[in-house]
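> what would the 3D arrangement of this be:
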Amino acid sequence: MAIKIVRLGTARTAGEGLRIGTVRRPPRGVPKAEFAAQNWYDVWYPNLSPQPDTMKQALAAQKNHDAKAWADFQRKFRAEMRAPEASHSLDLLAALSHSSNFAIGCYCADEAHCHRSLLRELLSERGALIA
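Residues are numbered from 1 along each chain as shown. From the prediction side, this is the model:
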């Protein structure tokens, strides 16, 4: 059992389980009834996505290949994930990873410059099993 960190919209792998979208907004132009069938996500969970202003900071850092701005984004997002609601969600997912297969993800092409890389770290720090 484990959590798989994925890019939303990509083909699912065998045994992946439930796919959770940790994104601020649903995919554009896709009817809600098609989210799962098109491999976006089964459950939308924006609680583990960056806040809008933080997301703007990440997008600017990605676009400009700005290492300092990316480091600032990482600090800000980690601080957001220390808030009780987000922290409890991370604890829950880490615990569930020991008895269930599921995936969490985002739309970004490059995981190294996506909040899902930080979710991977945060979940690992909580003892999650990561595929």
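
> with just CA atoms, put the lowest-mean-pLDDT helix or strand in the chain into CSV.
Least confident helix or strand, the chain: helix 52-64 with a mean of 86, by mean pLDDT, DSSP states H and E. The C-alpha coordinates for helix 52-64 follow below in CSV (Å, rounded to 0.1, in the frame of the first residue of the first chain):
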residue,chain,number,x,y,z
PRO,A,52,-4.2,31.7,-4.8
ASP,A,53,-1.4,34.3,-4.1
THR,A,54,1.1,31.5,-3.3
MET,A,55,0.1,29.8,-6.6
LYS,A,56,0.8,33.0,-8.5
GLN,A,57,4.2,33.2,-6.9
ALA,A,58,4.9,29.6,-8.0
LEU,A,59,3.8,30.2,-11.5
ALA,A,60,6.0,33.3,-11.8
ALA,A,61,9.0,31.3,-10.4
GLN,A,62,8.4,28.5,-12.9
LYS,A,63,8.0,30.8,-15.8
ASN,A,64,11.1,32.9,-15.0
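
> how about it, which residues are buried there?
54-55, 57-58, 61-62 (16 or more other Cβ atoms under 10 Å). Where you see a C-beta, it was placed from the backbone N, CA and C, and this is true even at glycine.

> do the same with stretch 66-79
69-70, 73-74, 76-77.

> among those, which ones are in strands?
Nothing among the buried residues of stretch 66-79 maps onto strands, per DSSP state E.

> mind naming the longest helix for this protein?
In the chain, taking DSSP state H as the definition, the longest helix is helix 67-81.

> helices or strands up against the next helix-or-strand element following it?
Later in the chain than helix 67-81, the nearest helix or strand by DSSP states H and E is helix 84-96. Counting contacts by 3 or more Cβ pairs under 8 Å, 6 or more residues apart in numbering; DSSP states H and E, helix 84-96 packs against helix 67-81, strand 102-106, helix 115-125.

> as JSON lines, those with distance to Arg28 would be great.
Converted to JSON lines, the helices and strands packed on helix 84-96 look like this (distance: least, Cβ to Cβ, whole Å):
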{"stretch": "helix 67-81", "distance to Arg28": "23"}
{"stretch": "strand 102-106", "distance to Arg28": "14"}
{"stretch": "helix 115-125", "distance to Arg28": "19"}
